[in-house]
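Following is a predicted model, sequence given first.
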Amino acid sequence: MTLDEEKELVKKAKKDPIAFGRLYDENYSKIFGYILKRTANVEVAQDITSETFLKAMKNIWKFRWQNVSFSCWLYRIASNEIANYFRKKKYKVVSLENVAEPVSSHNPLGEVIEAQEKLKEHQDFLVIQKKMTKLSPHYQEVITLRFFEKKQINEIAEILGKKEGTVKSLLHRGLEKLKKQIATN
Amino acid sequence: MEKDDFIKKLEEASLPEIEIASHKRRLKTVLLAKYFPEKKKAAVFNIFRKLAPVGAIAVLVLVLNTLISSQSVFSPQYTLADARNIALKDPKIKELIEEGVEIKDVEIIDNKGYILFQKPQTPTILGVTGEPMPTSFSKESFSSNKALSSEKEMATGMLVEVDLKKKSVLKVDRLDSEKFLPNPSEQVRVKAVVKKSLEKQTVIPQGAEILETKISPPPATLIKINKSVEVIPEESQEARVIYEYENKKWESTIDLRTGQMEAPLFLEESRTPETQK
């Protein structure tokens, strides 16, 4: 979708739920993916994704087009929701357990458990992610957006509402701290 | 570790590309259902914001925020199995398990667990007009032209709320059968898939009328939204359809996910008074 097409869609989404549904379809995967990379927990990522899109829907009427992708706004909401989550939960999140009978075979829990198992296959990422959680959220955000979401500096600046110079500085300091964390393992 | 090596390690880390299709679908259903109520709320709030003094709003927001976030920050972490086990210990729920209810979904919000139970259901039948029929269908009653049986085995379910801290059942809400039936937009989708599947096959003549569509009941599921849970049915996966063309009838099963029709089964050819001579 081009930026102009997205602009039109956002305009329609303020009045038409189908248009909002299209925006959702276009952005769900990247937002869920970002949240999953930040939290490394499928169930938590689902919850935060739900809250992110609900907030987006509640506030879409206030949204002002800034000539950048709509996803930047969603990333910002997601970052705030993740920060809220980590502020409230100051302990290690327990992984999902397999729920035994009498559970129906159509149980969506199975899908979540399967996804969590698939996540465990990415050990190199999980090791880095675990070390990253010891950093301040500001560093986590810039590192995840730069290296895992493959965003450019100007996009990250837009997402976080910061100047490009600040983003570069945060990235530089964050990488130094992360490197020390990994080295002390 | 050299900086370049470190950057390379970050850039080359294999990233999980995981998606939960059912969550994507369920969340969309809930969001679209809430779209207009939220729009209305925003409009009302806007008016209030313009009329009321700024100070009064600040106080209101502060009070609401305090009420909403008054839960303990250091809540212990509970598992889905904890919630399930508390519910299953309740004698009433044990009885229902023996009657055949199944756990369909479990969710946890702070210190509360929500367990969705569902009884096996009779299919939803859409008649010629496409509207749901309250009666069940049997091939024998159909082929003998007897009146359809008026058996009304209505599906039920329960949403059980448990206190994970006190390990007790707080509430058992019986859910109407409508909660588990395909909603109108789902029925529209099913009808479209059924119609299209007729066009893709060659056994049943294209002018055939769809007499009846029996939708296999989809499982219901919970979705966490806004510190609460909502019960929503999943997408229907299968339908059995009766077709009629020039007094001939066929039956087939359609996979509603792919639109594929299984080989139709010829049921019968009705004899008109003229042909019976």
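That came in fine, so what should we check first?

near chain A, which residues of the stretch 151-277 of chain B?
For the stretch 151-277 of chain B, the residues in contact with chain A under the definition Cβ under 8 Å from any Cβ of the partner chain are B:Pro219, B:Thr221, B:Ile223, B:Lys224, B:Ile225, B:Asn226, B:Glu234. Quick note: C-beta positions are derived from backbone N, CA and C, even for glycine.

which two in the residues you listed are spaced the farthest apart?
In those, two members sit farther apart than any others by Cβ to Cβ. They are B:Pro219 and B:Asn226, at 23.0 Å.

Just want the residue of the stretch 151-277 of chain B that's nearest chain A.
Distances from the stretch 151-277 of chain B to chain A, computed as Cβ to the nearest Cβ, single out B:Pro219 as the nearest residue at 3.9 Å.

Give me the neighbour count for that residue.
As a burial measure, B:Pro219 scores 21 neighbours (other Cβ atoms under 10 Å in any protein chain shown).

was I right about it contacting B:Ser236?
No - here B:Pro219 does not reach B:Ser236: they are 10.0 Å apart, not a contact under Cβ atoms under 8 Å.

I figured A:Met7 hits A:Gln66, correct?
Let me fix one detail, which is that residue A:7 is Lys and not Met. No - A:Lys7 sits out of contact with A:Gln66 when judged by Cβ under 8 Å, with a separation of 10.1 Å.

can you tell me which helix in the chain is longest?
I went with chain A, as the question did not name one. As assigned by DSSP state H, the longest helix anywhere in chain A is helix A:17-39.

should've been chain B
If each helix of chain B is counted by residues according to DSSP H, the longest one is helix B:21-51.

in that one, what's buried?
Going by neighbour count (16 or more other Cβ atoms under 10 Å in any protein chain shown), the buried part of helix B:21-51 is B:22-35, B:38-39.

what ranges of the stretch 1-150 of chain B fall below the confidence cut-off?
By pLDDT under 70, the low-scoring segments of the stretch 1-150 of chain B are B:1-3, B:48-57, B:59, B:62-77, B:121-123, B:128-150.

now the strands: where do they sit in it?
For the stretch 1-150 of chain B, the strands defined by DSSP state E, counting those that start in this stretch cover B:102-109, B:112-118, B:124-126, B:132-133.

for the lowest-mean-pLDDT helix or strand in chain A, packing partners?
The helix or strand of chain A with the poorest confidence is helix A:109-120; it has a mean of 81 (mean pLDDT, DSSP states H and E). Applying 3 or more Cβ pairs under 8 Å, 6 or more residues apart in numbering or on different chains; DSSP states H and E, we find helix A:109-120 packed against helix A:42-59, helix B:21-51.

so where is the stretch 151-277 of chain B shaky, pLDDT-wise?
Scanning the stretch 151-277 of chain B with the threshold set as pLDDT under 70 gives B:151-156, B:177-185, B:271-277.

how about the strands of it, start to end?
Using DSSP E, counting those that start in this stretch, the strands found in the stretch 151-277 of chain B span residues B:157-163, B:168-175, B:209-215, B:220-225, B:228-233, B:238-245, B:248-255, B:265-269.

Pull the residues that contact the second one.
Translated: strand B:168-175. Residues outside strand B:168-175 that contact it (Cβ atoms under 8 Å, 6 or more residues apart in numbering or on different chains) are B:86-87, B:90, B:92-93, B:112, B:156-163, B:231.

still on that earlier bit, quick check on the residue of the stretch 151-277 of chain B closest to chain A: phi, psi?
phi -70, psi 150 (degrees, to the nearest 10).

Would you check how far apart it and A:Leu74 are?
According to Cβ to Cβ, to the nearest Å, B:Pro219 and A:Leu74 sit 30 Å apart.

before we move on, what about A:Gln123?
In this view, A:Gln123 and A:Leu74 are 29 Å apart by Cβ to Cβ.

From A:Phe32, how far off is the residue of the stretch 151-277 of chain B closest to chain A?
22 Å.

Just give me the neighbour total for A:Gly161.
Per other Cβ under 10 Å, the neighbour tally for A:Gly161 reads 10.

Might you report the residue contacts of it?
Neighbouring residues of A:Gly161 by Cβ under 8 Å, 6+ apart: A:Arg76.

Per-residue pLDDT of it, please?
Confidence per residue is given as pLDDT, and for A:Gly161 that number is 90.

next one: the one 3 residues further on
On the pLDDT scale, A:Glu164 is placed at 93.

Not counting residues beside it along the chain, what's closest to A:Phe32?
A:Thr49 (4.7 Å; Cβ to Cβ, 6 or more residues apart in numbering or on different chains).

so how far is stretch B:104-115 off the chain centroid?
Here stretch B:104-115 shows a centroid-to-chain-centroid distance of 17 Å under the convention Cα atoms, centre = their mean, to the nearest Å.

make that stretch B:247-262, sorry
Averaged C-alpha coordinates place stretch B:247-262 at 22 Å from its chain's average position (Cα atoms, centre = their mean).

can you pull the buried residues of that stretch?
So for stretch B:247-262, counting by 16+ other Cβ under 10 Å, buried means B:Lys249, B:Trp250, B:Glu251, B:Ser252, B:Thr253, B:Ile254, B:Leu256, B:Met261.

Same question for stretch B:224-237.
Residues of stretch B:224-237 classed as buried under the neighbour-count rule (16+ other Cβ under 10 Å) are B:Lys224, B:Ile225, B:Val229, B:Glu230, B:Val231, B:Ile232, B:Pro233, B:Glu234, B:Glu235, B:Ser236, B:Gln237.
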